[in-house]
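Enquirer: With the sequence up front, the predicted model follows.
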Amino acid sequence: APLHDKIERRIEVSGFGEKEIEQFVREYYGESSSSVADALIARLNSTLHRIKAMCFIPMILLMTCYVNDVLDAPPDTISDLFKSIICLTVKRHFEKNGVKMKICSFEDVLRLCPRLIKLSQLALDGVLKDVIIFHNLELSEDDHFGLMNCISYRSAFGGVTGSYHFLH
């Protein structure tokens, strides 16, 4: 059965209009960084029109502001946005685990995380099959690079099992 049949409560996000996008960006950066907010708004209105077309979705706008804030440059496309989010997530995972790795690009992530392609295929297959929780995966902490959470639980027979879900 499709996932939406199992959800008891639904929330509809109608999205942002032009004024709400500008207001959100200004509130994200606050008074002290109004020049950064002005610069991002100007770029969204001119050269980043492909990204702005998706910024009516609050989460996309939040990620755009975050990437702009951390990398000092907004992404040019939606693909660039998601690649940047993956890079920042993997970098944070390495830092959190005391691993000193330099991640400057998505190619670095692919080189350092060879199982990322397998995880991507797992995510795509899950979307196509309406699956968001994965059981019985043989993954270690190093295999998912902070892009998945594992929830471990003890069965009635004493065994420990884990289920995984992506951080999306």
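Expert: Yep, that arrived.
Enquirer: For the closest residue to Phe24 other than its chain neighbours, give its distance to His93.
Expert: Excluding its sequence neighbours, the residue lying closest to Phe24 (C-beta to C-beta, 6 or more residues apart in numbering) is Leu61, at 5.7 Å. Placement of C-beta: from N, CA and C, glycine included. Taking C-beta to C-beta, to the nearest Å as the measure, Leu61 falls 24 Å from His93.
Enquirer: And for Thr64?
Expert: Applying C-beta to C-beta to Thr64 and His93 gives a distance of 22 Å.
Enquirer: do Ile85 as well
Expert: To His93, Ile85 is 13 Å away according to C-beta to C-beta.
Enquirer: Return the helix or strand in the protein with minimum mean pLDDT.
Expert: The weakest-scoring helix or strand in the chain, judged by mean pLDDT, DSSP states H and E, is helix 141-144 (a mean of 55).
Enquirer: Which parts of this structure are strands?
Expert: Along the chain, counting by DSSP state E, strands occupy 134-135, 148-154, 160-166.
Enquirer: Show the average pLDDT along the last one.
Expert: In this model, strand 160-166 has a mean pLDDT of 59.
Enquirer: shaky segments in this structure?
Expert: 1-13, 48, 131-168 (pLDDT under 70).
Enquirer: Could you list the residues in contact with the longest helix seen in it?
Expert: Determined from DSSP state H, the single longest helix within the chain is helix 78-96. For helix 78-96, contacts defined as C-beta atoms under 8 Å, 6 or more residues apart in numbering pick out 50-51, 54, 60, 63-64, 66-67, 70-71, 75, 100-101, 103, 105-106, 108-109, 112-113, 116, 145-147, 167.
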